[in-house]
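Student: my questions concern the predicted model and sequence given below.
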Amino acid sequence: MIHARNFRSAAAALCAAVLLGGCAAPSAFGTAKASAPAYAVTITRESSLRHLPFLSRTVREKATVLALYRDMEDVKPVPKPFIYMCPADFGVSYRLTFDLGGKVLHAMADGSGCRFIQIGKNIRLWSAGPSGAAFWAELGKILSLSGQQLEAAPRR
C-alpha cells in the first residue's frame with residue numbers, strides 16, 4: 001500500500017527530475033542555455049483632463065532603457081518642507097514600468113504642473129527643475145514628442 005505522503009514525495013521528485021533534466025538536454029540547436037537578463041521599459045500616457053490619443057511604447061534596447069533610468073535617478077527628491085505653487089497641470093502623466101534584468105520598478109511621472117515623479121509609495125522626485133531636464137528630453141526622444149506635446153499643453 002502506498003501512503004499519500006510517500007506518493008506526493010515521489011511525484012515531486014519525478015517532476016523535478018523531468019523539469020531539471022530537460023533544461024540541459026541537447027537539442028537540434030545545441031545545449032539549452034539560460035537567456036540573458038531582459039531590459040525593457042514600457043511607457044503609457046494617461047490623461048485625466050484632456051482627451052489624448054492612446055500612447056504606449058515598449059523599448060527593449062538596453063542602452064536606451066538604462067539612459068532613461070539613470071536620468072530618472074539624477075532627478076532631485078522633493079525638498080522638505082515643501083511649500084510650492086505649481087504651474088498649470090494639464091492632467092497628463094506617464095506610467096513607466098522598468099524591467100532592469102529581472103528587477104521591476106514602477107514610476108508615475110506628471111507631464112505638467114510640478115512634474116513630480118512618484119516611485120513606489122515612498123520616493124517622490126521633483127523633475128520640474130534643471131535636474132529633470134535630461135529625463136524629460138530622453139522621454140520625449142523615446143516617444144517622439146516635443147516638450148509641449150509631453151505636457152499636453154493646449155495650443156495657443
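Tutor: Yep, it's here.
Student: for the residue nearest to the spatial centre of the chain, which residues are in contact?
Tutor: Centroid-nearest residue in the chain: Thr97, 1.7 Å away (criterion: CA atoms, centre = their mean). Thr97 makes contacts with Val41, Thr42, Val104, Leu105, His106, as judged by CB atoms under 8 Å, 6 or more residues apart in numbering. Just so you know, the C-beta spots here come from the backbone N, C-alpha and C atoms, and that holds for glycine as well.
Student: in the helix or strand harbouring it, which residues are buried?
Tutor: Of the helices and strands defined by DSSP states H and E, Thr97 is found in strand 92-100. Along strand 92-100, these residues count as buried under the neighbour rule (16 or more other CB atoms under 10 Å): Val92, Ser93, Tyr94, Leu96, Phe98, Asp99, Leu100.
Student: what does stretch 76-88 give?
Tutor: For stretch 76-88, the neighbour count (16+ other CB under 10 Å) marks Val78 as buried.
Student: so how far does that stretch reach from one end to the other?
Tutor: This stretch, stretch 76-88, spans 21 Å end to end (CA to CA, to the nearest Å).
Student: and stretch 96-113, how far apart are its ends?
Tutor: Terminal residues of stretch 96-113 lie 18 Å apart, using CA to CA.
Student: chain center to the strand holding Thr97: distance?
Tutor: The gap between the average C-alpha position of strand 92-100 and the chain average comes to 4 Å, counting by CA atoms, centre = their mean, to the nearest Å.
Student: what about dumping the CA coordinates of the helix or strand just after that strand to PDB?
Tutor: Toward the C-terminus, strand 92-100 is succeeded by strand 103-110 as the next helix or strand (DSSP H and E). The C-alpha atoms that make up strand 103-110 are tabulated as PDB, following Å, rounded to 0.1, in the frame of the first residue of the first chain:
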ATOM      1  CA  LYS A 103      14.200  43.800 -11.100                       C
ATOM      2  CA  VAL A 104      10.900  45.600 -11.800                       C
ATOM      3  CA  LEU A 105      10.400  49.200 -10.900                       C
ATOM      4  CA  HIS A 106       7.100  51.200 -11.300                       C
ATOM      5  CA  ALA A 107       7.000  55.000 -11.600                       C
ATOM      6  CA  MET A 108       4.500  57.700 -12.500                       C
ATOM      7  CA  ALA A 109       5.700  61.000 -14.000                       C
ATOM      8  CA  ASP A 110       3.500  64.000 -14.100                       C
END
